[in-house]
Structures are given as structure tokens and as C-alpha cells.
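J.: I'd like to go over a predicted model; first the sequence, then the structure.
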Amino acid sequence: MRRQQYLDGFWQIVQDPRDIGFDEQWHLAPPLGREAWVPGAWNTLQGWLHYEGVAWYSRRFAVGACEAVRITFGAVTQQANVWLDGEPVGQHYGGWLPFALLTQLAPGEHLLVVRVDNRHDMTATIPSSHLDWFRYGGITRPVFVEELCGPGHVSAMRLLPDWVDGRATLKVRAELTNVSERAIQAPYELLLDGRVVKAGQARLSSGESEVVAFALHLDDVAPWEPGAPRLYTFCLRFAGDELYERTGFRHVSVQRRKLLINGKPVFIKGVNRHEDHPEWGPAMPEHLMARDLDLIQELGANAVRGSHYPNDPRFLDLCDERGILFVEEIPLWQFTGEQMDSNLLTDRASAMMWAMVARDVNHPAVIAWSMSNECATDTPQVRLAMEHLRETVEQIDDTRPITYASHRAEQDICFDLADMACVNAYYGWYRHDLTWGQFLSRMSSHVGDKPLLVSEFGAGALYGWRANEGDVIWSEEYQRKLLLESVSLFLTSDDCAGFFIWQFCDTRTDKGDDGHRALTRPRHMNNKGIVDEYRRKKLAFDAVKALLLGSDR
Ligand code: ADA
């Protein structure tokens, strides 16, 4: 019912390295710069690869007569300030999550200006300036404008489906808004495949919103299973507006050391995947996302860890459609106890957690929420932050396991806050003091009666760098050997409920504040991909594929 237009295409962009745009009122009309494609990362523009700072985007668009206009930004990295025709209309912090602005506009053309700041530091930003991926900046996901003809508006709909003993249930929580200038009393209805499954009434004064929440039992519904996904599209209709959301019915649980879906144990065979491509940065077009999944399925994997931030929702849609499991994380990457002793950072982290769960709760592919990666989970400050993050998730979703990726081994003091324990370790690469078997059996006694997953392990290999002799670091053969040994062990170990290879493809990385990281990252890249950055297979790919396809786990 909404008239919807995507603002994909060329926008104007201009750098503001001295951050003078606010003072010089660039929001009224930024100086002429150059053209940049949206959605895109500005780092993929010639000459902008290492630009970290402020840049201003602008473009014009037109709307027709309507009650209200909603403008949705899929993601802006990191801080966004937005003006329409010179007036401030909103701001948002956090690089991988959407925000929407609701406003009124006269029919005709309008100027949209967005100031984007992608500076990172060690005290206020998430992620911080210490990280092992690239600090891309820009309007990195689609922007779209919707004309709401009202008077009603369905501003959000969260679905919590469940599947127990062959019965499907659905909890619905939706927000209805009156975008008109008069009071309304109107019916709402929820439709499944065109059939009304719930109806009610809402009475709202001008500008008012109301949350409607209800639960349903549904007949004739088939479950969503890994590898056999069945999806259902729900439509909520209210006073001249409607919102479609798609979900699948399945039950995720942990029982002793196993992860279960619909009551059946599932062993996780996964890869870690960054959103990264040499030409597109993190703003990959959808057909390339689909091609990545083709390769992941060809490998015989059944899961992806979206390291280390909320992924493009179109990628999650594809996982839903293909029955691939997904673990989703906020970008709380390697923060120390001292850093997390900050209200600003803990508030920002829980706002991200809330927004991520609220955005993706409808995806059946998402089977777990991850609160952090390799933070100092051996300190009381990080423990407090994790407690708070867990409570944040539980406010919205009590149907999925909660986890985080730990690299503190037996020093970790937070495993009781995780429903399944995820550990990152690099035996055979960074460390050689234990074997994988020894490490797993120690961790399995430490974490107790819950599933233990290896959320990262791997070795760097330069595509095409081949060695006739054994144990040549950076060779494809060495990576193949390490992955074969570790994956064979995981596939047969009772201590292990699954694994995620680090990583799917080679990715651009940060040079580090003192330039040091680049010295351990040849080509300025993290080279632990089983395919390179152009998705060309390394030797490890076919070797791991043969193992996975031959395993009955
Ligand atoms: C860590 C981290 C990853 C990556 C990896 C590596 O475990 O979580 O993001 O940096 O190490 O390649 O060293």
C-alpha cells in the first residue's frame, strides 16, 4: 500500500577532513564534491581507500501527496546526521543497523543531506580503533523512501514463532501509529497467505502509537528445518497501511551438550564470514551474497557466523530461504575491562544489541545471538556488561540461545551467562602449547554441561603460494593440513557441538594504529580464507569439502 522508492544510485559526496561542515552550514547545501554510489563504501572510490573522517552525502528526491514520509537507512557507518531541506530530521550511531525517520513533506522535490562520520577511537566507538577488519565508511546499505497514505501506519512487527510437538504457535508484537492529524478508530488484521488469522481494533489520537501483542495457534503449518526451510509471509493491515514480514516455525534449544532444532540434534559445520569484497567493500550486491552462499553450501557447511556485526538483512533472507543457520553478533570486538568500565560504551552496546534483535528476530535462520567477540571476559567489568547485554536480549527474545566468543579459555568467568559456549583458538597457527584434543577436553570440563562450539580456528594461506615441503607457513598446503586435522577431530569429538572455520574469504584488514598489524597481515589482508577475496578456492576448500560430505554428523 505504500509508494516505495529506493534511493540507490549516484549521490553527491564531499570530504570534510577538518570537520568544518557544521560551522559552515553544509546541511543547507554541501559544496560540490564528486559522485558516489549508494549503497557503497567511500573507500572503494579512487583515492579514498584510507579516508577515515567526515563526509557529506546529498541528493534530491521527489514525493507525491501523502500523510507522512518514512525514510529508512539500512546502515550508515558509523555516525549519521540527517537534514531534509536544511532542517535536522534525525541522527543515529552504529554502523550495521537500520534507522527510520518519519516526517511530513509537501509534494515535490526535496534535498536530503547526510553527514557521515566514521572516525573510530578507543573510548567511545564500537568497534574501537583496534580491530582486524577494515574501517569502511559511508552509506553502506540501501536507503528507501515510503509515502504513507495513512491515516494508519504499521511501524514494526516482530514475530516469535515456535514449533513444539508438531504444533505451531506465533507471538506477535506490532506497533501501530496514527500519522494523520485526526483521531482514528480502525480495525487491524493479520493475514497469512491472504487468510485473516487475527483481527482487532485500535483507537489512536493524532501522532499516537500503540503496541498490540497477541499469541496464536496455527494449523496446517510445516516446520522450518535446516536444509528444508518452509517460510510463511504474514501481513499486518491497519487503516491504509500494511507491513509484510516473513518467518518460519522452528524451535531452537540446548540440551546437555547438544544444540537441537525441532528436538533433533544439529552439529554445526560453519564458516565465519565478513561482508567484504575488493570492489564493493561491505556493500556487496545481492547476487554476490547468493554466490557466497552457493560456495558455502558446496563446501557442505550448514551454518555461518556473521562475524563480527549485524549482517545485511538480504543475506539473512537468503539464509532463511536456503535453510542455513546463522549466528549474529554485535561489533563488540576485543574490548578490555578498562574500556568497558564506561557507561557510554555499555549503553551503546546494549542499544546495538536491542536494535539487532529487534531487526532480525523474524529470521528463522538466526539461531543464536552473540554478545561479543574476544572481549576481556576474565574481568568483572566485562562480566557486568555481558550481564546487561543478556538482559537486553531477554527483554525481546526468549526463544534463542545467547552466546559470545571467548578467547580467555579457563580464565573466562562469564560462561554461565552463555547458553552455549563458543571458544576461539588458533592451535597450530598462533599457538603450539596444546593440541586441539587437549584444549577441547579442558574447555569441555570448564564449561560444564552445555554445548561447546569452536567459533574460530584457522591458518593464513596466500592464494597460489604453494610449497613442495611440509609445514611452510602461509602456504596453501599448510592451511589445508591444519584445517583437515582440526575439522577431522571436531567431527568425531564428543566434546564438540560444532565449529566455524576462520574464515570464508580473505578480507581487507586494518593496518593498526602503529601500522604493526599490517606486518602480520601480508597484502594488508587477513589471509585465513578458504577462498581468496575474489572467491577463488584454495587447496583447503576441496579437502574440507570432502571431509564434510563424507561425515554423517
Ligand atoms: C581473532 C578475531 C578475528 C581475527 C582472528 C585472526 O580470533 O576474532 O576477528 O582477527 O583472530 O585472524 O587472528
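T.: Here it is on my side, so go on.
J.: where's whichever residue of the stretch 301-450 of the chain sits closest to the ligand relative to residue 529, distance?
T.: When scored by Cβ to the nearest ligand atom, the stretch 301-450 of the chain has residue 424 as its residue closest to the ligand, at 4.4 Å. Every residue, glycine included, has its C-beta placed from N, CA and C. Residue 424 sits at a distance of 16 Å from residue 529 (criterion: Cβ to Cβ, to the nearest Å).
J.: for residue 397, same thing?
T.: 32 Å.
J.: Could you do residue 287 as well?
T.: As for residue 287, its distance to residue 529 is 20 Å (criterion: Cβ to Cβ).
J.: Please say which of these two ends up with more neighbours.
T.: residue 529 (31 against 7; other Cβ atoms under 10 Å).
J.: Now do the contacts for the more buried one.
T.: 503, 504, 505, 506, 507, 538 (Cβ atoms under 8 Å, 6 or more residues apart in numbering).
J.: Kindly provide the distance from it to residue 540.
T.: 9 Å.
J.: which SSE is residue 111 in?
T.: Secondary structure from DSSP states H and E places residue 111 in strand 108-117.
J.: For the closest residue to the ligand within the chain, give me its contacts.
T.: Closest contact between the chain and the ligand, by Cβ to the nearest ligand atom, is at residue 132 (3.3 Å). By Cβ under 8 Å, 6+ apart, residue 132 lies in contact with 333, 509, 510, 517, 521, 526.
J.: any weak-confidence spans in the stretch 401-550 of the chain?
T.: In the prediction, the stretch 401-550 of the chain carries no residues with pLDDT under 70.
J.: How about the chain?
T.: Of all residues in the chain, none has pLDDT under 70.
J.: Residue 225: how many residues sit nearby?
T.: 18.
J.: Beta-bridge partners for it, please?
T.: Assessed by DSSP bridges, residue 225 has beta-bridge partners residue 228.
J.: So it is in contact with residue 260, correct?
T.: No. Look at residue 225 against residue 260 with Cβ atoms under 8 Å: they stay out of range, at 11.8 Å.
J.: In what element of secondary structure is the nearest residue in space to residue 508 that is not next to it in sequence found?
T.: The shortest distance from residue 508 to any non-neighbouring residue, by Cβ to Cβ, 6 or more residues apart in numbering, is to residue 134 (4.2 Å). Using DSSP H and E, residue 134 falls within no helix or strand.
J.: Is residue 134 in contact with residue 43, as I believe?
T.: Yes. Contact criterion Cβ under 8 Å: residue 134 and residue 43 qualify, at 7.1 Å.
J.: Spit out the residues that contact those two alike.
T.: Residues touching both residue 134 and residue 43 (Cβ under 8 Å, 6+ apart): residue 281.
J.: who's more crowded, the two?
T.: residue 134 (22 against 19).
J.: And that one, how close does it get to residue 226?
T.: Between residue 134 and residue 226 the distance is 31 Å, computed by Cβ to Cβ.
J.: Repeat that for residue 378.
T.: Residue 378 sits 34 Å away from residue 226, going by Cβ to Cβ.
J.: And the two? Which one has more around it.
T.: residue 226 (20 against 17).
J.: quick one: that one and residue 302 touch, right?
T.: Yes. Shown here, residue 226 and residue 302 form a contact pair, counting by Cβ under 8 Å, at 5.5 Å.
J.: joint contacts of these two?
T.: Counting by Cβ under 8 Å, 6+ apart, the shared contacts of residue 226 and residue 302 are 266, 324, 325.
J.: ok, and the most crowded of the residues you listed?
T.: residue 325 (25 neighbours).
J.: doesn't residue 60 fall inside a strand?
T.: Yes. Assigned with DSSP: H, G, I helix; E, B strand; the rest coil, residue 60 falls within a strand.
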